[in-house]
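Q: give me the fold of what follows.
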Amino acid sequence: MTKPTAMDEYFVHQIPQMLPPVVTHHHHWRESYFYDFHDPSGTGDVIFFTMAHYPAQQRMDSLQMATIAGEPVTGFRGRAYDGDPHTTSMPGARVEVIEPMREVRLWADPSDADIGFDVTWRARTQPYGLRRGTMRAGDEIVWDQCHIFQSGTYNGTYTVRGEEREIVDWIGQRDHSWGIRDHGRCPLWIWWQTQVEDGFLGVWHWEYPNGARVYTDGCWAPTDGTDPVPLRDFRYEAKWVGEPYGQHGEGVTGFEGRAEYILEDGRTIGVEGTGTFARPYEPFHRGGLNLMTVRADDGRTGSAVWEVTGARHHHFFPDAEAPGVLPS
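A: The predicted structure follows:
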């Protein structure tokens with residue numbers, strides 16, 4: 001007998017099963033939130049917050065990552081489903097959707113970790129729904145996901161080792177994704193979210209180890225409330241700053257590059273960025289999150305978080321050793 005959950009009362013089912021089983025039972029199936037927030041200057045402190053649940057594993061967790069005054073700070077919370085797979089709360093962390101797609105409150109308890117915050121995210125653009133993307137290694141699913149991008153402003157406080165600090169009109173992205181994600185076997189993915197005064201440019205891009213393209217989707221989303229304009233193509237040139245990445249990126253200090261976003265309406269927006277390797281994913285994954293200052297070809301300036309990560313790639317991770325069979 002399958003025991004119904006509270007969410008089974010609502011019109012939310014998409015397969016003929018009760019929640020939370022999903023269409024493909026897989027160890028790496030997850031649904032997650034990802035938030036980044038930083039000063040609009042693109043310098044200084046930066047905070048990243050995640051919350052995810054895993055139906056096959058019957059658990060939920062939340063990761064708080066930050067770089068404060070140049071030093072990495074991390075917090076982690078988790079809980080078993082215990083009959084409630086849907087409430088976005090656990091001891092020490094919670095996400096409260098105040099108004100869907102408009103306002104969300106994020107909270108992490110500062111009393112039991114080095115980083116905590118009480119922050120409200122408010123939308124500055126319409127959301128953009130990316131199309132489903134899939135990648136396999138032979139018959140095995142490595143990636144099969146859908147995403148929502150949306151830019152917002154953040155206000156509230158954050159506390160680092162007992163010291164409370166104020167957040168006033170910080171800026172950043174949120175990402176809501178669901179599906180199968182086997183991080184350790186994805187050769188390369190790029191998640192570049194660029195914030196300028198009148199909107200954001202976002203892209204989600206995957207490649208095989210040799211650089212061949214698997215998937216690209218993204219948009220330009222203006223702050224005037226109109227609909228996002230989808231990407232038609234995406235081109236980039238970028239590199240690590242400091243020493244070559246090697247096995248674990250110990251000598252990497254920053255990141256720089258240029259992106260060209262070719263939009264469905266015919267516009268091409270070029271952006272150059274430079275910044276710090278703000279939050280490496282080592283030792284769990286290669287690469288990580290770079291906090292950037294950016295300048296568009298038309299003179300607009302702003303900030304960005306450019307994530308580059310993966311298992312092995314001819315340009316970004318040429319010396320990496322990856323376990324198992326990778327897509328190719």
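Q: so the one residue sitting closest to the centre of the chain versus Gly275, what's the distance?
A: Ranked by distance to the mean C-alpha position of the chain (Cα atoms, centre = their mean), the top residue is Phe34 at 4.9 Å. Phe34 sits 18 Å away from Gly275, going by Cβ to Cβ, to the nearest Å. Placement of C-beta: from N, CA and C, glycine included.
Q: picking up where we left off before, contact partners for the residue nearest to the centre of the chain?
A: By Cβ atoms under 8 Å, 6 or more residues apart in numbering, the contact set of Phe34 is Phe48, Phe49, Thr50, Arg174, Asp175, His176, Ser177.
Q: ditto for Val142
A: Going by Cβ under 8 Å, 6+ apart, Val142 touches Met135, Arg136, Ile180, Asp182, Arg185, Cys186, Leu326, Pro327.
Q: quick check, the fourth one in contact with Asp144.
A: This means Asp182. No: with contact defined as Cβ atoms under 8 Å, Asp182 does not count as touching Asp144 (9.6 Å).
Q: low-confidence regions, the stretch 101-250 of the chain specifically.
A: Regions of the stretch 101-250 of the chain meeting the criterion pLDDT under 70 are absent.
Q: just the strands in it please.
A: Applying DSSP state E, counting those that start in this stretch to the stretch 101-250 of the chain gives strands spanning 103-108, 115-123, 128-129, 133-137, 140-160, 163-181, 188-196, 199-207, 213-222, 229-242.
Q: and of these, who's closest to Ile15?
A: Nearest to Ile15, of all those, is strand 163-181, at 13.1 Å by Cβ to Cβ.
Q: that older thread, which of the contacts of Phe34 sits closest to Thr309?
A: Of these, the one sitting nearest to Thr309 (Cβ to Cβ) turns out to be Phe48, at 12.8 Å.
Q: after whatever helix or strand the closest one lives in comes which helix or strand?
A: Using DSSP states H and E, Phe48 sits in strand 46-54. Sequence-wise, the next helix or strand downstream of strand 46-54 (DSSP H and E) is strand 59-68.
Q: CA atoms only: put the helix or strand just after that next one into CSV for me.
A: Using DSSP H and E, the helix or strand that directly follows strand 59-68 along the chain is strand 71-80. Coordinates of each C-alpha in strand 71-80 appear next as CSV, following Å, rounded to 0.1, in the frame of the first residue of the first chain:
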residue,chain,number,x,y,z
GLU,A,71,37.4,33.1,3.0
PRO,A,72,35.2,30.1,2.2
VAL,A,73,32.3,29.4,4.7
THR,A,74,30.0,26.4,4.5
GLY,A,75,26.9,25.1,6.3
PHE,A,76,24.9,21.9,5.6
ARG,A,77,21.6,20.7,6.9
GLY,A,78,19.4,17.7,6.0
ARG,A,79,16.6,15.4,7.1
ALA,A,80,14.8,12.2,6.1
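Q: tell me the contacts of Met90?
A: Met60, Asp61, Ser62, Arg77, Gly78, Arg79.
Q: and these, which of them are buried?
A: For the contacts of Met90, a burial check counting by 16 or more other Cβ atoms under 10 Å picks out Met60, Asp61, Ser62, Arg77, Arg79.
Q: specify the beta-bridge partners of the second one.
A: By that I understand Asp61. Ala52, Gly78 (DSSP bridges).
Q: what does the pLDDT read for it?
A: Each residue has a pLDDT score; the one for Asp61 is 98.
Q: for the fourth one, same thing?
A: The predicted local distance difference test score for Arg77 is 96.
Q: isn't it right up against Ala52?
A: No: using Cβ under 8 Å, Arg77 is not in contact with Ala52, being 11.4 Å away.
Q: residues making contact with stretch 222-238?
A: Stretch 222-238 is contacted from outside by 124-128, 151, 190, 192, 197-199, 203, 205, 216-221, 255-265, 267, 306, 308, using Cβ under 8 Å, 6+ apart.
Q: do the same with stretch 165-177
A: With Cβ under 8 Å, 6+ apart as the test, stretch 165-177 has contacts from 31-40, 45, 104, 117, 119, 121, 124, 145-159, 191, 193, 195, 200, 202, 303, 305.
Q: filter those residues to the buried ones?
A: Among the contacts of stretch 165-177, those classed as buried by 16+ other Cβ under 10 Å are 31-40, 45, 104, 117, 119, 121, 124, 145, 147, 149-154, 156, 158-159, 191, 193, 195, 200, 202, 303, 305.
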